[in-house]
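1. pasting the structure only:
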């Protein structure tokens, strides 16, 4: 009977490349354990030790400098693309640069992309699934639609299974800027009920688990909403968080007052109302949410 040397098992592990390994990427690393060999692309040399400590092999490269990405080709079977587009324009040049690099050698079998539910624009509180047509209202959302189209083309052209995860507001108590507590402590206002919008949420740990599920179970060229089961108006979400944290509820203001007090970006979030259905997340990715309701995740 032949005995496999102890190191031989390492070569059987699939290789995953994480592009944009920030908070969610680090949670994915934790969720994967030692079942995968993981490479993590970073443009920041000061993060190399942090990524090594988390269990990844760090690679230096910058999506804004396509020449630095040549070595990515042929390195990984699976890619998790968590990097946002650049800050301006209506095309996602970062995704374009990444796909050009990956296409040089056809090793990639699966690619999972973290998109945004902003691609739908304002839906006036309608409840809908992934078959709804996109209608991006901002340049930021148009860049995401551009990225999704490029990824679908790449998947069809090169026989790669591409999963597009459309993600709403990400929160977690241990995520920088990821808990409503900070906003409540500043006393930032929310819209009065008659002007309010429906928002959708996902706990960062459930998002990381959805990414892992998509890497093994995602269907080809498929969109999946990664959101929890709660359907809350934005003001009710902050009221809930305030009550759970023992903080005063935020002041309520009219949309007219908000236009004078808030930045264009804050206003854009308050101008879009959607209620997302998450059937594919549960049925196709077979994900059982740990924090199915916002109150569970806010207490975690």
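-> Happy to help now that I have it. Note that the structure is a prediction, hence the values are computed from the model and not measured.
2. so how many other residues sit close to the closest residue to residue 188 other than its chain neighbours?
-> Computed as Cβ to Cβ, 6 or more residues apart in numbering, the closest residue to residue 188 that is not its neighbour in sequence is residue 250, at 6.3 Å. To be clear about C-beta, it is placed using only N, CA and C from the backbone, and glycine gets the same treatment. Residue neighbour count, defined by other Cβ atoms under 10 Å, stands at 21 for residue 250.
3. Verify the stated contact: residue 250 with residue 235.
-> Yes: using Cβ atoms under 8 Å, residue 250 is in contact with residue 235, at 7.4 Å.
4. show me where pLDDT drops low in the stretch 51-200 of the chain?
-> Within the stretch 51-200 of the chain, no stretch falls below the threshold (pLDDT under 70).
5. hmm, back to that, what do residue 250 and residue 235 both touch?
-> residue 190 (Cβ atoms under 8 Å, 6 or more residues apart in numbering).
6. And the strands in the stretch 101-250 of the chain?
-> 110-116, 127-128, 161-167, 169-171, 190-191, 198-199, 201-203, 222-225, 232-233 (DSSP state E, counting those that start in this stretch).
7. tell me which strands and helices the fifth one is in contact with?
-> This means strand 190-191. Counting contacts by 3 or more Cβ pairs under 8 Å, 6 or more residues apart in numbering; DSSP states H and E, strand 190-191 packs against helix 234-245, strand 252-253.
8. how about the longest helix anywhere in the chain: buried residues?
-> Taking DSSP state H as the criterion, the chain has its longest helix at helix 139-158. Neighbour counts using 16 or more other Cβ atoms under 10 Å place 140-148, 150-152, 154-155 of helix 139-158 among the buried residues.
9. Let me have these in a markdown table, adding distance to residue 163 as columns.
-> What follows is the buried residues of helix 139-158, written out as a markdown table (distance: Cβ to Cβ, whole Å):
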| residue | distance to residue 163 |
| --- | --- |
| 140 | 22 |
| 141 | 19 |
| 142 | 21 |
| 143 | 19 |
| 144 | 15 |
| 145 | 16 |
| 146 | 18 |
| 147 | 13 |
| 148 | 11 |
| 150 | 15 |
| 151 | 9 |
| 152 | 11 |
| 154 | 13 |
| 155 | 9 |
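10. contacting residues around the residue most central in space within the chain?
-> Centroid-nearest residue in the chain, with Cα atoms, centre = their mean: residue 114, separated by 3.9 Å. Listed by Cβ under 8 Å, 6+ apart, the contact set of residue 114 reads 20, 24, 80, 81, 82, 165, 167, 211.
11. Looking at neighbours, which among those is most surrounded?
-> Going by other Cβ under 10 Å, residue 80 tops those with 30 neighbours.
12. so what's that one up against?
-> Contacts of residue 80 (Cβ under 8 Å, 6+ apart): 16, 17, 18, 19, 25, 28, 111, 112, 114, 211, 215.
13. so which of these is the most crowded?
-> residue 18 (30 neighbours).
14. So that residue sits against residue 26, correct?
-> No: using Cβ under 8 Å, residue 18 makes no contact with residue 26, being 9.2 Å away.
15. what comes into contact with stretch 131-143?
-> By Cβ under 8 Å, 6+ apart, stretch 131-143 touches 85-86, 88-92, 116, 118-123, 144-145, 148, 268, 271-272.
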